[in-house]
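Enquirer: Need the 3D shape of this:
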Amino acid sequence: MPQAFPEAGQSGRETISFAPVAAGATLELFLMAKGPQPAAVALHDADGVVGKAETRRSDRFERQRIVAAAPVDRLSYDPATTALSVVYAYDPASVLDTGIRILHGGPAATPEALRGYHFRPPYGWMNDPNGFGRFDGRAHLFYQHYPHRARWHAMHWGHAVSDDLLHWRHLPIFLEPDEAVWAAGGAGGVFSGTAITVPGEDGFRAFFTDHLDGREPEMEVQCTARSADGLTADAPQVVLAGRPEGLGLGEDNRDPYVFTGPDGRLKMLLGGRDATCGVVLLYETDDPSGVSGWRFVGLVHRELDYGRTVGECPAMLPLDGPAEDPATRWLLIVGLLMSRDPATRRRNLTFGIVGRFDGRTFAPEFRQELDFGADAYGFQAFVDRDGPVGIAWLANWTDIVKTADWPTAMTLPRRLLLRDGVLLTPPIEAVATLRQALIDDRRLAAGEMVTLEDGAAEIVIEFGETGLPFELALAHPTLKLAVIADAEGLAIVHESAEDGPPSPHYLAAGARVRSVRVFLDLGSIEVFADDGRHAGSKRLADPAPVTAIRLEAPRGRVTAARVWRLGL
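Expert: So this is what the prediction gives:
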């Protein structure tokens with residue numbers, strides 16, 4: 001029976017209408033009281049009010065979960081007393097296959113005009129990828145998230161699943177900060193981490209850093225939460241709450257990456273810093289669930305080249321063979337918060353270090369910067385069915401302004417390959433399925449201008465020899481954009497059309513390339529040269545689309561140039 005509650009359309013009430021949500025579906029609403037009166041939202045069917053959500057919390061948006069007793073086609077609330085953020089609906093039995101249905105994107109909904117082929121959250125803020133892996137056949141991607149505005153705040157874990165790593169289905173928010181974080185004004189939350197399957201357990205187990213500014217004796221502790229159904233998380237447990245003594249480690253101690261080592265034991269990497277530089281710490285346990293018994297093994301990396309940085313978002317995985325084979329080379333990934341390259345002025349660099357790992361010590365052989373554009377931060381990887389694959393946040397902390405922002409994206413997923421003594425990071429093969437139409441296979445090679453319909457395009461250029469100079473100019477309404485190869489190397493030009501401070505030089509120094517593959521999307525450019533030997537990503541300062549492209553190269557030296565329109 002309809003409940004006695006104010007009707008939609010009453011004076012002063014806001015109404016949000018949508019196609020009917022079936023009876024039995026779950027709705028999740030995030031609401032907050034604006035004052036002493038409770039916040040309240042009414043759910044309506046064709047006959048009247050069939051349910052309501054209510055909270056007295058005025059310090060944060062509170063999640064209310066309701067099972068629809070009848071088909072629901074609108075909701076209403078009084079904006080004088082109630083702040084309403086995100087609202088979505090789903091069938092718990094099928095949501096992993098269908099995703100959530102967003103009924104209201106809240107104050108920070110991602111505009112439709114920004115929804116290209118890169119992964120973006122449907123609302124709110126996003127940074128580092130977390131828990132990237134495949135569980136029960138589905139690829140899961142978690143991410144650092146604040147749902148209620150497009151700015152960093154109390155960190156949650158957002159969640160999505162995919163079959164091909166390109167087409168993602170959004171799921172309910174997976175992890176939320178605890179009460180201590182809200183009491184501290186949102187200064188902390190569920191920081192970055194990873195997820196693994198555990199023998200004998202359904203679902204997976206997530207590991208993350210619980211961060212609270214100013215907490216004593218530890219600002220950051222490591223936690224785990226099990227998900228038996230791949231959708232919801234049990235109550236978190238602390239698994240590691242201290243720092244090794246005698247190493248002069250600072251309070252930055254975060255981003256657990258948990259994996260199985262070559263000896264069959266679970267390992268955990270943590271990023272941090274000592275009095276001199278950024279470091280990566282290694283722990284291990286005999287507990288196959290990772291819930292207990294973690295012991296410190298040692299430092300597997302100290303970053304001495306960039307001063308007092310912070311090691312962040314470490315990852316380690318077998319690169320060219322099975323983990324248990326002593327001949328297998330391993331890849332150690334680490335981001336360097338606060339690093340700066342004096343020659344190019346780029347900040348917050350990320351490196352891949354290739355070497356041997358016996359479970360306790362890592363012997364590096366060589367290292368490469370993973371992205372010369374520097375906008376592939378928080379890089380996380382796992383061994384998928386077809387081999388190692390990684391993904392990163394397509395942004396950099398130096399790009400984020402304090403007054404306003406627009407939703408960031410993830411990079412295209414990338415293969416991690418060891419070939420002829422170098423690390424290659426090309427996009428996964430499935431990106432070819434994004435090609436919707438061939439725009440050009442003649443004019444670009446001839447030096448003519450090629451117009452782009454919506455700015456979402458893939459450009460492939462091949463040259464007759466290695467190291468030829470070229471400039472691929474990209475027409476943009478507010479930015480000077482180009483991809484250039486010259487005597488310095490391969491570079492992405494990204495400069496404001498207005499006078500201002502000099503832009504960093506997004507350069508792969510000394511690169512002499514024979515082929516280049518460029519992906520343009522709304523607000524981003526990704527460049528892959530020579531099958532990913534050089535990769536560069538740049539978040540554009542203005543998400544307006546690139547409208548046209550033109551290639552300048554030595555006459556007769558371009559053997560192929562093709563342009564495709566891309567889309568999901």
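
Enquirer: And residue 509, how far from residue 519?
Expert: Noted for residue 509: a distance of 22 Å to residue 519, by Cβ to Cβ, to the nearest Å. Using the backbone N, CA and C atoms, a C-beta is placed for each residue, glycine as well.

Enquirer: For these two, indicate the residue with more neighbours.
Expert: With neighbours defined as other Cβ atoms under 10 Å, residue 509 and residue 519 compare such that residue 519 has more, 23 against 14.

Enquirer: mind listing what the helix or strand containing that one pairs with, with the direction of each?
Expert: For residue 519, the element it lies in under DSSP states H and E is strand 515-521. Strand pairing for strand 515-521, using DSSP bridges, gives strand 457-463 (antiparallel), strand 524-529 (antiparallel).

Enquirer: Which one, of those strands, ends up nearest to residue 278?
Expert: Checking those against residue 278 by Cβ to Cβ gives strand 524-529 as the closest, at 25.8 Å.

Enquirer: Outside of that closest one itself, list whatever touches it.
Expert: Contacts to strand 524-529, defined as Cβ atoms under 8 Å, 6 or more residues apart in numbering, come from residues 118, 373, 375, 394, 409, 411-412, 425-427, 474, 481, 483, 490, 492, 494, 508, 511, 513, 515-519, 534-540.

Enquirer: For residue 542, which non-adjacent residue is spatially closest?
Expert: Leaving aside its sequence neighbours, residue 542 sits nearest to residue 478 (Cβ to Cβ, 6 or more residues apart in numbering; 4.6 Å).

Enquirer: Now do that neighbour: how many residues are near it, please.
Expert: Based on other Cβ under 10 Å, the number of other residues close to residue 478 is 12.

Enquirer: Quickly list what residue 101 is bridged to.
Expert: residue 89.

Enquirer: how about the helices in the stretch 301-450 of the chain?
Expert: Ranges of helices in the stretch 301-450 of the chain, per DSSP state H, counting those that start in this stretch: none exist.

Enquirer: So, low pLDDT: which residues of it?
Expert: Judged by pLDDT under 70, the stretch 301-450 of the chain has its weakly predicted residues at 401-404.

Enquirer: Just the terminal-to-terminal distance for stretch 505-517.
Expert: End-to-end distance of stretch 505-517 (Cα to Cα, to the nearest Å): 20 Å.

Enquirer: Over that stretch, what's the mean pLDDT, rounded is fine.
Expert: Throughout stretch 505-517, pLDDT has a mean value of 97.

Enquirer: biggest strand in the protein by residues?
Expert: If you go by DSSP state E, the chain has its longest strand at strand 125-135.

Enquirer: The helix or strand just after that strand pairs with which strands, and in what direction?
Expert: Following strand 125-135 in sequence order, the next helix or strand is strand 138-146 (DSSP H and E). Take DSSP bridges as the rule and strand 138-146 pairs in its sheet with strand 125-135 (antiparallel), strand 156-162 (antiparallel).

Enquirer: Now tabulate these in CSV and tack on mean pLDDT and mean neighbour count.
Expert: Listed next are those as CSV, based on pLDDT from 0 to 100; neighbours: other Cβ atoms under 10 Å:
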stretch, mean pLDDT, mean neighbour count
strand 125-135, 97, 24
strand 156-162, 98, 22
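
Enquirer: Let me have the ones you listed in JSON lines, adding distance to residue 40 as columns.
Expert: Converted to JSON lines, the strands paired with strand 138-146 look like this (distance: least, Cβ to Cβ, whole Å):
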{"stretch": "strand 125-135", "distance to residue 40": "27"}
{"stretch": "strand 156-162", "distance to residue 40": "24"}
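
Enquirer: wait, which of these is closest to residue 335?
Expert: Residue 335 lies closest to strand 125-135 among these, at 8.7 Å (Cβ to Cβ).

Enquirer: In contact with the residue sitting nearest the centre point of the chain, which residues?
Expert: Centrality entry for the chain: nearest residue to the mean C-alpha point is residue 129, 3.5 Å, by Cα atoms, centre = their mean. Contacts for residue 129 (Cβ under 8 Å, 6+ apart) come out as 141, 142, 143, 378, 380, 391, 392, 393, 410.

Enquirer: Kindly recompute the last result at 6 Å.
Expert: 143, 378, 380, 391 (Cβ atoms under 6 Å, 6 or more residues apart in numbering).

Enquirer: The strands paired with strand 138-146: which one's closest to residue 327?
Expert: Of the strands paired with strand 138-146, nearest to residue 327 by Cβ to Cβ is strand 125-135, at 24.9 Å.

Enquirer: hang on, the earlier thing: return the member of the contacts of residue 129 nearest to residue 333.
Expert: Of the contacts of residue 129, the one sitting nearest to residue 333 (Cβ to Cβ) turns out to be residue 380, at 7.8 Å.

Enquirer: so the closest one makes contact with residue 131?
Expert: No: the criterion here is Cβ atoms under 6 Å, and residue 380 misses it with residue 131 at 8.2 Å.
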